[in-house]
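Asks: Here is my input, please return the structure:
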Amino acid sequence: MRKIIILLAVVAVFAAGCADDSDSGTPVKLTGNTTNKGTKDLTGSEIEIQAADFYFSPTFIKGGTPGAKITVKLKNGGQNPHTFTSTALGVDERVNAGESKDVTITLPQNGATEFLCQFHQQSNGMQGAFFFQDGDTVGAQGDGAVTTSSSAVTGDGYNYPN
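Replies: Down below sits the predicted model:
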């Protein structure tokens, strides 16, 4: 009996360590699964977001000034191409493995605004949001003001849709 209890305790600890962190403690509810790699406060006019296999880090960006222009410094640290896409923000940028891009966006006036990877949102929960307060809801407003620049572009040999 004692061996069974010890075995169950070991299995429980192992399962907790391997648990999927999708949707755990998300400050904004997004449709479907979300691979949550944390929240970061936006201070200043830029933020770095890493796209990796298969998540954004940070996943949620809190704060900033409503309507302010900010620079999102995208960096793909994964082995696969990803997109940084948001209909509300008017952005759809492909970022290949090893590539970095700077995208200037305009924060929403209120609520939350989702961003996602077109290739991996549905299958892997690769999505996140800009928001001002925990519990904000995702809206569809944006002014489409986006500019980009890129560096270290590398091909990956895959044929993904644009």
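Asks: in the protein, which helix or strand is least confident?
Replies: strand 147-151 (a mean of 41; mean pLDDT, DSSP states H and E).
Asks: Helices of the chain, start to end?
Replies: Assigned helices in the chain, in chain order: 2-18, 121-124 (criterion: DSSP state H).
Asks: outside of the shortest one, which residues touch it?
Replies: Around helix 121-124, the neighbours that count as contacts under Cβ atoms under 8 Å, 6 or more residues apart in numbering are 32-33, 35, 54-55, 117, 127. Using the backbone N, CA and C atoms, a C-beta is placed for each residue, glycine as well.
Asks: Now for the residue sitting nearest the centre point of the chain: which residues touch it?
Replies: Geometric centre of the chain, nearest residue: F56, 3.3 Å, by Cα atoms, centre = their mean. When contacts are counted by Cβ under 8 Å, 6+ apart, F56 touches 37, 49-50, 115, 117, 126-128.
Asks: one step back: tell me the one among the contacts of helix 121-124 nearest to P66.
Replies: Closest approach to P66 among the contacts of helix 121-124 (Cβ to Cβ): Q127, at 21.4 Å.
Asks: residue contacts, the closest residue to that closest one other than its chain neighbours?
Replies: In space, and not counting its chain neighbours, Q127 is closest to L116: 4.0 Å by Cβ to Cβ, 6 or more residues apart in numbering. When contacts are counted by Cβ under 8 Å, 6+ apart, L116 is found next to 83, 85-86, 126-128.
Asks: repeat that with 7 Å
Replies: 85, 126-127 (Cβ atoms under 7 Å, 6 or more residues apart in numbering).
Asks: any idea how far it lies from G98?
Replies: Look at L116 and G98: by Cβ to Cβ, to the nearest Å, they are 21 Å apart.
Asks: Likewise for T106?
Replies: The gap separating T106 from G98 is 28 Å, by Cβ to Cβ.
Asks: Correct me if wrong: S57 contacts K37.
Replies: Yes: with contact defined as Cβ atoms under 7 Å, S57 reaches K37; the gap is 4.0 Å.
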